[in-house]
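[1] Sequence first, then the predicted structure, then my questions.
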Amino acid sequence: MKLPLLLTLPILVFGFELNFTKEFSKELMPDELTTHIKVVVQNEEEKEVISSLNQYNKFLKKYDEIDKSNVSMAITPKYTYKNGQSIFMGYNGVLNYTISSKESSKIKEFLENFYSIKEESTTSLFMPTLQWKINDKLYEQALDQLRLDAITWGNHYSQELSTKMNKSCSLKNITVNANYSRPVMYANEARTLKSSKIEMPIVEQVNETITINPNFTMECQ
């Protein structure tokens, strides 16, 4: 924890008000490996696009060894323009998934099975970027602890001021900014081999720092 960054002393009739900000931080180890899966299908027939996307969607829904979120699927007509006229070229379908797991081996196993499905040349499977991140629940717990640390520190500091300045000081207000500093995720790319196996580099897990900068107002009489 750093010392107060900003100090102002509005003079009151029988005392003063102290305003400042202070940084509180906590280190956490990223514990969740995540990636984004994207399937793109192009075909002249809408039903063929739907059929191909459903094939992947069914596989993803049944696969219960990993966590899945942010699911979206869309099908749109595709046109090209020539001599001022639009020419219908077929349909474009996109399926998106976010997958995650605390075990890198489960992500690797999933990717190998997922990419083994591909058969049609009209289907594109976009290679993911693997990222270590702090689990949302763990992140929120860390923020709660930092807020509590800030409140506890504020109360203790007001008591310390009272003793040192021979005045009655109290914590009048504390405001925690909603814009917290969340660590950037470490990332690395996985790629497929000719054997449909996944070459997944080991992404190093490094401690990350979560930071809050609450504003304190102390009043001394």
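    That came in fine, so what should we check first?

[2] CA atoms for contacts and neighbours, from now on please.
    Fine.

[3] which residues in this protein form helices?
    46-62, 104-115, 136-165 (DSSP state H).

[4] Worst mean pLDDT among those helices?
    Lowest mean pLDDT of those: helix 104-115, a mean of 86.

[5] beta partners of F216?
    F216 has these beta-bridge partners by DSSP bridges: F20, I174.

[6] I'd say it and T175 touch.
    Yes - between F216 and T175 there is a contact at 6.7 Å, judged by Cα atoms under 8 Å.

[7] More neighbours: these two, which one.
    Per other Cα atoms under 10 Å, whichever of F216 and T175 has more neighbours is F216, with 22 against 14.

[8] Centre-most residue in this protein?
    What sits nearest the mean C-alpha location of the chain, by Cα atoms, centre = their mean, is K133, with 6.8 Å.

[9] thought it was touching E32?
    Yes - with contacts counted by Cα under 8 Å, K133 reaches E32, the gap being 5.4 Å.

[10] Show me what counts as buried in stretch 36-47.
    For stretch 36-47, the buried set under the neighbour-count rule, 16 or more other Cα atoms under 10 Å, comprises H36, I37, K38, V39, V40, V41, Q42, N43, E46.

[11] Greatest separation within these: which pair is it?
    Distance extremes for the buried residues of stretch 36-47: the farthest pair is H36 and E46 at 24.8 Å, using Cα to Cα.

[12] List the residue ranges of this protein that fall below the pLDDT cut-off.
    Applying pLDDT under 70 to the chain picks out residues 1-14, 119-120, 127-128, 178-203.

[13] So what touches stretch 160-180?
    147, 151, 154-155, 158-159, 210-221 (Cα atoms under 8 Å, 6 or more residues apart in numbering).

[14] hmm, which of the residues you listed are the buried ones?
    Among the contacts of stretch 160-180, the ones that count as buried (16+ other Cα under 10 Å) are 147, 151, 154, 158-159, 210-220.

[15] Tell me the one of those nearest S104?
    I210 (23.6 Å).

[16] I figured that closest one was touching S25, is that so?
    Yes - using Cα under 8 Å, I210 is in contact with S25, at 5.5 Å.

[17] Please determine how far the residue nearest to the centre of the chain is located from N54.
    From K133 across to N54, the span is 29 Å (Cα to Cα, to the nearest Å).

[18] just I66 next, same as before
    19 Å.

[19] again, but for E103
    Distance from E103 to N54, by Cα to Cα: 27 Å.

[20] Equivalent analysis for P214, please.
    Taken as Cα to Cα, the span from P214 to N54 is 49 Å.

[21] do the same with E204
    With Cα to Cα as the criterion, E204 and N54 are 35 Å apart.

[22] Same question for F216.
    Applying Cα to Cα to F216 and N54 gives a distance of 55 Å.
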